[in-house]
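In: Mind looking at a prediction? Sequence and model below.
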2 protein chains.
Amino acid sequence: MLDEPIAAAVDAEEAALQSPAIRALVRQMRAHDTHGAWEKKSDAEVLKPFIVTKAERRAIPVVGDPDSKVLFRIETYWAAIGMAIEAETGTIASPLLRLSHEGFGRVVLTAGRLILVSKHLRDVHRFGFDSFADMANKTEALVAEGVGMLKRFPDVADA
Amino acid sequence: MLDEPIAAAVDAEEAALQSPAIRALVRQMRAHDTHGAWEKKSDAEVLKPFIVTKAERRAIPVVGDPDSKVLFRIETYWAAIGMAIEAETGTIASPLLRLSHEGFGRVVLTAGRLILVSKHLRDVHRFGFDSFADMANKTEALVAEGVGMLKRFPDVADA
């Protein structure tokens, strides 16, 4: 038997993997698996590279260009948020992501003339989340922000 | 004496260089001239690389990466449109430009949660205008579009 706090943490991680935004991210990741290399991997394994502990984060240098794998994860992450917003509202949300070579940047999710979500990025070399629960919380919050903007300014999204 | 149509065309070019959006572009270009290399250049000379005739355009290949000089001009062009919108409205308009290696891309000018101008780009290798008059017409139209959006949805720009 696991200790009670540990069992609760395991349950939270399992639940996080079922959140709609995280399901969208799994689908986006698997959509890039054109050779079927991940077919036997669990969802948790597919998402594992998104989990970067605080100690791991500190160990990643932020000088030089972010590597292509972290750039791919950032692209896929924001595409997934767009897909999750579309799944909930029926409105297509397009990501527009600009990163400088130094790891700074900005991303917006747009629908018509409306910016659903806007975020300045920094130290993208270290992009990642403490846990699946942390990822689910932060990602669902971004989806909710986008959905809220669509409800608040529907005419701008149609403009 | 110049022929009358030629004289009219010369006047149109002179007038184009005085349009507010083109003045903003001259200022943006000169702002990058940190070593004063262009101090003795006229505005027309500074803007000359933005003029690409149809024949010149056809001669530029659109395979491979666009060169860094044309990327600089595109960045500077959209920054200038943002500055021209700010000069007219007092609202800061931030450009967000994403180009793929193949010369496709998208640019938006944003204020708060509002997209003032949005444009899909292609064949950016060939970015340029037929004449200063052509450049002034197209650029003032983009500025007017942005100003119009600000007037139409001021609350979104403040959101």
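Out: Sure thing, it's come through. Everything numeric here is computed off the predicted structure, so don't read it as measured data.

In: Next up, phi/psi of A:S118, please.
Out: Dihedral pair for A:S118: phi -140, psi 130, per degrees, to the nearest 10.

In: any idea how far it lies from A:D33?
Out: 30 Å (Cβ to Cβ, to the nearest Å). Glycine gets a C-beta too; all of them are placed from N, C-alpha and C.

In: go on, A:K151?
Out: A:K151 sits 34 Å away from A:D33, going by Cβ to Cβ.

In: re the thing from before, neighbour count: A:S118 and A:D33, which is higher?
Out: A:S118 (19 against 12; other Cβ atoms under 10 Å in any protein chain shown).

In: residue contacts, the more buried one?
Out: A:R106, A:V107, A:V108, A:L109, B:T110, B:R113 (Cβ atoms under 8 Å, 6 or more residues apart in numbering or on different chains).

In: how about CSV for those residues, with neighbour count added?
Out: Below are the contacts of A:S118 laid out as CSV (neighbours: other Cβ atoms under 10 Å in any protein chain shown):
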residue, neighbour count
A:R106, 17
A:V107, 22
A:V108, 22
A:L109, 25
B:T110, 25
B:R113, 23
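
In: Out of those, flag the one nearest to B:A24.
Out: Using Cβ to Cβ, B:T110 is the member of the contacts of A:S118 that lies nearest B:A24, at 17.5 Å.

In: got the residues of chain A near chain B?
Out: A:96-98, A:106, A:108, A:110, A:112-115, A:118, A:149, A:152-153, A:156, A:159 (Cβ under 8 Å from any Cβ of the partner chain).

In: Next, give me the two most distant ones among these.
Out: The two members of these with the most space between them (Cβ to Cβ) are A:R98 and A:R152, at 25.2 Å.

In: out of those two, which sits in the busier spot?
Out: Neighbours per residue (other Cβ under 10 Å) separate A:R98 from A:R152, with A:R98 holding more: 18 against 14.

In: continuing past the helix or strand harbouring the more buried one, what's the next helix or strand?
Out: Here A:R98 is covered by strand A:94-99, with elements defined by DSSP states H and E. Sequence-wise, the next helix or strand downstream of strand A:94-99 (DSSP H and E) is strand A:105-111.

In: Let me see the ranges of the helices in chain A.
Out: Taking DSSP state H, the helices of chain A run over residues A:4-16, A:20-31, A:43-47, A:54-59, A:68-89, A:132-152, A:154-157.

In: Present those helices as a markdown table; the columns should include mean pLDDT.
Out: Putting these into a markdown table (pLDDT from 0 to 100) gives the following:
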| stretch | mean pLDDT |
| --- | --- |
| helix A:4-16 | 85 |
| helix A:20-31 | 95 |
| helix A:43-47 | 95 |
| helix A:54-59 | 92 |
| helix A:68-89 | 96 |
| helix A:132-152 | 97 |
| helix A:154-157 | 97 |
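
In: wait, which of these is closest to B:N137?
Out: Closest among the helices of chain A, using Cβ to Cβ: helix A:154-157, at 27.3 Å.

In: Report all helices and strands that the closest one contacts.
Out: strand A:114-121 (3 or more Cβ pairs under 8 Å, 6 or more residues apart in numbering or on different chains; DSSP states H and E).

In: just the angle between the strand it packs on and strand A:94-99, please?
Out: 20 degrees (axes from the mean of the first three to the mean of the last three Cα atoms, to 10 degrees).

In: Distance of the residue most central in space within chain A relative to chain B?
Out: By Cα atoms, centre = their mean, chain A has its centre lying nearest to A:Y77, at 3.3 Å. To chain B, A:Y77 is 16 Å away according to Cβ to the nearest Cβ, to the nearest Å.

In: Could you list which residues are in contact with that residue?
Out: Residues near A:Y77 by Cβ under 8 Å, 6+ apart: A:L25, A:F50, A:F127, A:T139.

In: got a list of what the second one touches?
Out: So the one you mean is A:F50. The contact partners of A:F50, taken as Cβ under 8 Å, 6+ apart, are A:L25, A:R73, A:Y77, A:G128, A:F129, A:M135.

In: go on, the last one?
Out: When contacts are counted by Cβ under 8 Å, 6+ apart, A:T139 is found next to A:S19, A:A21, A:I22, A:L25, A:Y77, A:A80, A:I81, A:A84.

In: For PyMOL, what selects the buried ones among those?
Out: Those of the contacts of A:T139 that count as buried under 16 or more other Cβ atoms under 10 Å in any protein chain shown are selected in PyMOL with:
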select buried, chain A and resi 19+21+22+25+77+80+81+84
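
In: from the contacts of A:T139, which two are the most distant?
Out: A:S19 and A:Y77 (13.8 Å).

In: Reformat the contacts of A:S118 as TSV; add pLDDT and distance to A:E4.
Out: Formatted as TSV, the contacts of A:S118 follow (pLDDT from 0 to 100; distance: Cβ to Cβ, whole Å):
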residue	pLDDT	distance to A:E4
A:R106	96	43
A:V107	97	39
A:V108	98	43
A:L109	98	39
B:T110	98	48
B:R113	98	44
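
In: residues near the nearest residue to A:M29 once chain neighbours are set aside, how many?
Out: Spatially, and ignoring its direct neighbours in sequence, A:M29 is nearest to A:V46 (5.0 Å; Cβ to Cβ, 6 or more residues apart in numbering or on different chains). Residues near A:V46, counting by other Cβ under 10 Å, number 15.
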